[in-house]
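A.B. asks: Need coordinates for the following:
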Amino acid sequence: MLNGIDIEGLEGAKTAIRAEPAAGIARYGVALNWKGGTRIEAQSLPMSLGGDTIPRNFSWTVDEPPQLLGQSTGPTPQEYLMSGVGACIMVGFVVHSALKGVTLRSLKITMGGGLDLAGFLNLRPDAQIKMSGLSYDIEVDADADEALLQEIAGLAFNFSPNAMTAAQGVPMTGSLKQVAAV
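C.D. replies: Numbers count the residues shown, from 1 in each chain. A predicted model of the protein is given here:
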């Protein structure tokens, strides 16, 4: 174990996925329920990894601040997006540090991003709807030189599923089903 990562277990998982690629396919889901105004309750759904179903019993609130018509009962959707990207980079940093034999004493990632509400509100054709970009800063105290830490940072970003999804985009589909009032 290094930095809380079971390196032997990780190597075993890599071997299993090489032998059977389907063992490395993960599926995730969340259910979102409107609670009035801009408040939303999110609930994790069971995930699958290979042929295994993994229960996930987590819920959280999403909301906007009063300036954006909410009540600040939880982080905004953008804050959750940034936390998901930043957390994924952080997991990669911790794992790659362990694989390289680097002991971490502290690790912090700060994320930032901007949004032009004129796009969301369809006020101007030139206003971008998506966030204008995301940035991250890593602060680390570790037993490695800066060159190795830069290498680990590059691996953490370049092999982060969430960072690559945000940076490169993915196809997205949707549907609507009208249900009867309860």
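A.B. asks: Alpha carbons of the helix or strand containing residue 9, in PDB - could you do that?
C.D. replies: Using DSSP states H and E, residue 9 maps to helix 7-19. Taking C-alpha atoms only, helix 7-19 is exported to PDB below (Å, rounded to 0.1, in the frame of the first residue of the first chain):
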ATOM      1  CA  ILE A   7      -0.600  -1.500  -5.900                       C
ATOM      2  CA  GLU A   8      -0.700  -5.300  -6.000                       C
ATOM      3  CA  GLY A   9      -4.500  -5.200  -6.300                       C
ATOM      4  CA  LEU A  10      -4.300  -2.500  -9.100                       C
ATOM      5  CA  GLU A  11      -1.800  -4.700 -11.000                       C
ATOM      6  CA  GLY A  12      -4.100  -7.600 -10.600                       C
ATOM      7  CA  ALA A  13      -7.000  -5.600 -12.000                       C
ATOM      8  CA  LYS A  14      -4.900  -4.500 -15.000                       C
ATOM      9  CA  THR A  15      -3.900  -8.100 -15.700                       C
ATOM     10  CA  ALA A  16      -7.600  -9.200 -15.500                       C
ATOM     11  CA  ILE A  17      -8.700  -6.400 -17.900                       C
ATOM     12  CA  ARG A  18      -5.900  -7.200 -20.400                       C
ATOM     13  CA  ALA A  19      -7.100 -10.800 -20.400                       C
END
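A.B. asks: which helices and strands sit right next to that helix?
C.D. replies: Counting contacts by 3 or more Cβ pairs under 8 Å, 6 or more residues apart in numbering; DSSP states H and E, helix 7-19 is packed against helix 77-99. Every residue, glycine included, has its C-beta placed from N, CA and C.
A.B. asks: Identify the residues contacting the helix it packs on?
C.D. replies: Residues from elsewhere that reach helix 77-99 (Cβ atoms under 8 Å, 6 or more residues apart in numbering): 2-5, 7, 10, 60, 62, 75, 103-104, 107, 109-113, 115, 131, 134, 136, 138, 140, 142, 144, 152-153, 155-157, 159-163, 166.
A.B. asks: do the same with stretch 54-61
C.D. replies: Here stretch 54-61 has contacts from 35, 39-48, 73-74, 80, using Cβ under 8 Å, 6+ apart.
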